[in-house]
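Chemist: what follows is a predicted structure for the sequence shown.
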Amino acid sequence: MSRGIIKLRSLMEVSRMDDKTRTIGVYAGVFVGIILAIALAVGVAGFVVGGGPADVTPIADDRYADSTPEPVSENGTIEIDQTAESKTVLIDRGHNNDFTREEIEPMVTALVSAGHEVEYHEPTEDLTASLQEADAFVVIEPAQPLTAREADAVERFGDADGRVAFFGAPEPAAIGLGGLLGSTAGTGPSPEVDSVTSPFGIAYGAGYLYNMERNANNFKSIYAQGGDGDLATGVDEVVIDAPAPIETDRGTTALTAAGATASETRAEDDYSVAVQNGPVAAIGDAGILAPNEYQKADNEVFIGNLLTFLTAGDKTEGVPEPSEDEAGPVPPSEPEEPTPPSEPTNPDEPGDGANESEAGGSD
């Protein structure tokens, strides 16, 4: 009897499981049917409305249509106009400058081959004293600010016809003219340079320049066309890597990056990347001096013009003289020796006084 009851319960459980399976199968079938119906409706609508499959219009995007890399000529040598005497070119290494000697080897080799001397200003040396012995000064991407006293020495050096070349690099900071001296106005990318260039009417802009349409195999490696002045003589165009834009209020533009875009503003315009004002030149980036860059396009022509400019000055000897704070306090002068008193006059000796007394008594 008990076995029959157990068997009956087992048959009832199997029956319930079959009912559940059938129910799940029904729901699954309904779901699949709905999906197929929707797909069929979409397909039929395409044929009915458009007479065929729906047309897909590609989105036009011609931003990179003209960005095909152009072949860049790489030949030529740096030539410097000969001078009557050898000049000393001082290169700054005293402010954590971002370059190695290998990276500027083409410039140094050209100067030495033309009979000039190249010296380096090191961190332990006094800049004023170093400039006194130099005819030209080259500042390349300093990461450490020049002090106010050093900036003043460079200004006096330039005023005495000492030639100066600045190479600024784009930096994320945005500190303008006079940044080294405490001012936070403006948008200069390299405050380490701006405090020295501002007295000469030159300022570096923020960010870097690029060109998506015409470049030398990289959108940051852009072309710049020759402009005005001696630095641009014989220069058609140069290749310069991500230069900072430069502004001058009273100088000439030697190189212009036409149709470039500024990274900070996304504004497309013609930007100056090399300028000259009197004895001072400013270039947007120092990479143009590198061994793998100096022969591209007319780079070597521009560098030759720049080095000719640096060695063509006639700096006054002994300038800059130490300023008052550099010279230190003036030592006190030696005290003067006291003047001894005159000897007393003997009343018994005849003299003008005695004669006057006698004369007075006779009256």
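Modeler: Sure thing, it's come through.
Chemist: using the three-state scheme, assign Asp270.
Modeler: Secondary structure, DSSP: H, G, I helix; E, B strand; the rest coil: Asp270 is strand.
Chemist: now do the phi/psi pair for the closest residue to it other than its chain neighbours.
Modeler: In this structure, Asp270 finds its nearest non-sequential neighbour in Ala258, 4.8 Å apart by Cβ to Cβ, 6 or more residues apart in numbering. C-beta here means a position set from N, CA and C on the backbone, and glycine is covered the same way. Backbone torsions of Ala258, given as degrees, to the nearest 10, read phi -80, psi 140.
Chemist: Glu300 versus Ala254, what's the distance?
Modeler: 15 Å (Cβ to Cβ, to the nearest Å).
Chemist: sorry, wrong one. I was asking about Leu307.
Modeler: Going from Leu307 to Glu300 by Cβ to Cβ gives 10 Å.
Chemist: what's the overlap in contacts for those two?
Modeler: Common contact partners of Leu307 and Glu300 (Cβ atoms under 8 Å, 6 or more residues apart in numbering): Ile78.
Chemist: related to what we said a few turns ago, so between Ala254 and Glu300, which is more surrounded?
Modeler: Ala254 (29 against 23; other Cβ atoms under 10 Å).
Chemist: which one is Gln225 nearest to, not counting chain neighbours?
Modeler: In space, and not counting its chain neighbours, Gln225 is closest to Glu237: 4.9 Å by Cβ to Cβ, 6+ apart.
Chemist: residues touching the residue nearest to Asp270, list them.
Modeler: When contacts are counted by Cβ under 8 Å, 6+ apart, Ala258 is found next to Tyr223, Ala224, Gln225, Asp270.
Chemist: sorry, back to before: burial check on the residue nearest to Gln225, number of neighbours?
Modeler: For Glu237, the neighbour count with other Cβ under 10 Å is 20.
Chemist: and the strands in this structure, which stretches?
Modeler: Along the chain, counting by DSSP state E, strands occupy 88-92, 117-121, 136-140, 163-167, 202-204, 209-210, 221-226, 237-241, 246-248, 252-262, 268-277, 280-283.
Chemist: rebuild those as a markdown table, extending it with distance to Val72 and mean pLDDT.
Modeler: Formatted as a markdown table, the strands of the chain follow (distance: least, Cβ to Cβ, whole Å; pLDDT from 0 to 100):
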| stretch | distance to Val72 | mean pLDDT |
| --- | --- | --- |
| strand 88-92 | 28 | 98 |
| strand 117-121 | 28 | 98 |
| strand 136-140 | 24 | 97 |
| strand 163-167 | 21 | 97 |
| strand 202-204 | 26 | 93 |
| strand 209-210 | 16 | 97 |
| strand 221-226 | 9 | 98 |
| strand 237-241 | 6 | 97 |
| strand 246-248 | 23 | 94 |
| strand 252-262 | 16 | 98 |
| strand 268-277 | 17 | 98 |
| strand 280-283 | 19 | 97 |
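Chemist: would you list those strands in a markdown table and tack on distance to Asp194?
Modeler: A markdown table is the format used below for those (distance: least, Cβ to Cβ, whole Å):
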| stretch | distance to Asp194 |
| --- | --- |
| strand 88-92 | 15 |
| strand 117-121 | 19 |
| strand 136-140 | 11 |
| strand 163-167 | 9 |
| strand 202-204 | 6 |
| strand 209-210 | 18 |
| strand 221-226 | 21 |
| strand 237-241 | 20 |
| strand 246-248 | 11 |
| strand 252-262 | 17 |
| strand 268-277 | 14 |
| strand 280-283 | 10 |
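Chemist: out of the ones you listed, nearest to Asp314?
Modeler: With Cβ to Cβ as the measure, strand 163-167 is the member of the strands of the chain nearest Asp314 (9.7 Å).
Chemist: can you list the strands that that closest one pairs with?
Modeler: strand 136-140 (parallel), strand 280-283 (parallel) (DSSP bridges).
Chemist: out of the ones you listed, the one nearest Ala312 is which?
Modeler: Proximity to Ala312 (Cβ to Cβ) singles out strand 136-140 among those, at 9.1 Å.
Chemist: what is the orientation angle of that closest one with strand 117-121?
Modeler: Relative orientation of strand 136-140 versus strand 117-121 (axes from the mean of the first three to the mean of the last three Cα atoms, to 10 degrees): 50 degrees.
Chemist: identify the residues contacting strand 136-140?
Modeler: By Cβ under 8 Å, 6+ apart, strand 136-140 touches 87-92, 95, 97-99, 104, 131, 154, 157, 162-167, 193, 196, 286, 310-311, 313.
Chemist: in contact with Ala160, which residues?
Modeler: Residues near Ala160 by Cβ under 8 Å, 6+ apart: Lys315, Thr316, Val319, Pro320.
Chemist: save these as JSON lines, and put in distance to Glu79, neighbour count and pLDDT too.
Modeler: Output for these, formatted as JSON lines (distance: Cβ to Cβ, whole Å; neighbours: other Cβ atoms under 10 Å; pLDDT from 0 to 100):
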{"residue": "Lys315", "distance to Glu79": "23", "neighbour count": "23", "pLDDT": "97"}
{"residue": "Thr316", "distance to Glu79": "28", "neighbour count": "14", "pLDDT": "95"}
{"residue": "Val319", "distance to Glu79": "29", "neighbour count": "17", "pLDDT": "96"}
{"residue": "Pro320", "distance to Glu79": "31", "neighbour count": "23", "pLDDT": "97"}
